[in-house]
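Asks: I'd like to go over a predicted model; first the sequence, then the structure.
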Amino acid sequence: VKFVVLNEAENAKIPDGGVDDHWMWTFMDTLPGAQTLQDPPVLPKVKLPPLNLQIPKSKIGPPIPFDCSILRLVALDSDVRYTSLNNGHAVLLFHPDFATALSAALRVVNTAGITPQLNSAFRTEAEQQRMRDGASGRNPAAQGKSFHQTGYAVDINGTQSKNFPTIIAAMTAQGIGQIRNDPPHFEINPFGSKGGFDKDGKPDAAKLLWKGRMTNTANDAETYFNRCIMLNQ
């Protein structure tokens, strides 16, 4: 059985200027001749697959959940005295463990009648890069991750003052070490042995482990700063 268009009815114009869409159809089968039909044949219904209108999800995906109830950065204890240049932050921030040790050291320093000037505490990646680009002056800024980015470091001004030996002693008593080639800088290393390099100059296993722990802590501190502190101000 075959359906073909035999001819189109005269395009009789209708009042609105349109064209009459009535068609003449011919039914052709094995019988001789042709039978004229006034309407098109009724074709079988076809079931189409459902149209998917869902918006594709972002390849980036939702932000990874971050628990702000776990403190990664805190201020020093409120009873200790110091002045600060604060690196543009309203409050100097440190890892909680370092803040406890530094607060204890500053109490000893305060008892000796000294109010030290703290120059730098936690730094973001952007702030550390600014230091690498020359903002640190004569003092070298760490390449890669810095202890400042983990919250385990502080810079103290006045290395040439008569009070600085007292500050060094108080810091040392709390396990906070001074860096020889960067006298204002004090830090605690909670990440284990810094390791070394093999005969080919590549970092050994201990160094890779140390760098991994340090990087993770620095990333956590920066995320905490951005999501849990800055977003809540």
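Replies: That came through, no problem.
Asks: alpha carbons only for contacts and neighbour counts from here, please
Replies: OK.
Asks: report the longest helix in the chain, please.
Replies: Longest helix of the chain, by residue count under DSSP state H: helix 205-223.
Asks: Could you check it and say which residues are buried?
Replies: Under the neighbour-count criterion of 16 or more other Cα atoms under 10 Å, helix 205-223 has 207-211, 214-215, 217-223 buried.
Asks: Tell me where the protein is predicted with low confidence.
Replies: 1-41, 43, 46, 48-63, 86-90, 134-144, 233 (pLDDT under 70).
Asks: can you map out the strands along it?
Replies: Under the criterion DSSP state E, the chain carries strands at the ranges 2-8, 23-28, 35-37, 83-84, 117-120, 153-156, 177-179, 182-187.
Asks: Show me what the shortest one packs onto, helices and strands only.
Replies: Which is strand 83-84. With contacts defined as 3 or more Cα pairs under 8 Å, 6 or more residues apart in numbering; DSSP states H and E, strand 83-84 has these neighbours: strand 117-120.
Asks: The last one too?
Replies: Contacts defined by 3+ Cα pairs under 8 Å, 6+ apart place strand 182-187 against strand 153-156, strand 177-179.
Asks: who does the last one pair up with?
Replies: Paired neighbours of strand 177-179 in the sheet (DSSP bridges): strand 182-187 (antiparallel).
Asks: isn't Ile168 right next to Gln178, touching?
Replies: Yes. Between Ile168 and Gln178 there is a contact at 7.3 Å, judged by Cα atoms under 8 Å.
Asks: Find the residue closest to Ala206 in space, skipping its chain neighbours.
Replies: Spatial nearest neighbour of Ala206, excluding adjacent residues (Cα to Cα, 6 or more residues apart in numbering): Gly195 at 4.6 Å.
Asks: Do a quick rundown of the helices in this protein.
Replies: With DSSP H, the ranges of helices along the chain come out as 96-111, 125-130, 147-150, 164-173, 205-223.
Asks: Kindly reformat those as JSON lines containing distance to Val80.
Replies: As requested, these are arranged in JSON lines below (distance: least, Cα to Cα, whole Å):
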{"stretch": "helix 96-111", "distance to Val80": "6"}
{"stretch": "helix 125-130", "distance to Val80": "26"}
{"stretch": "helix 147-150", "distance to Val80": "21"}
{"stretch": "helix 164-173", "distance to Val80": "14"}
{"stretch": "helix 205-223", "distance to Val80": "23"}
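Asks: Let me know the distance separating Val80 from Ala104.
Replies: 8 Å (Cα to Cα, to the nearest Å).
Asks: again, but for Gln117
Replies: Relative to Ala104, and taking Cα to Cα, Gln117 is found at 16 Å.
Asks: And Tyr82, by the same measure?
Replies: 13 Å.
Asks: do Lys207 as well
Replies: Taken as Cα to Cα, the span from Lys207 to Ala104 is 30 Å.
Asks: ditto for Asn232
Replies: 29 Å.
Asks: More neighbours: the two, which one.
Replies: Comparing Asn232 with Ala104 by neighbour count (other Cα atoms under 10 Å), the higher total belongs to Ala104, at 18 against 8.
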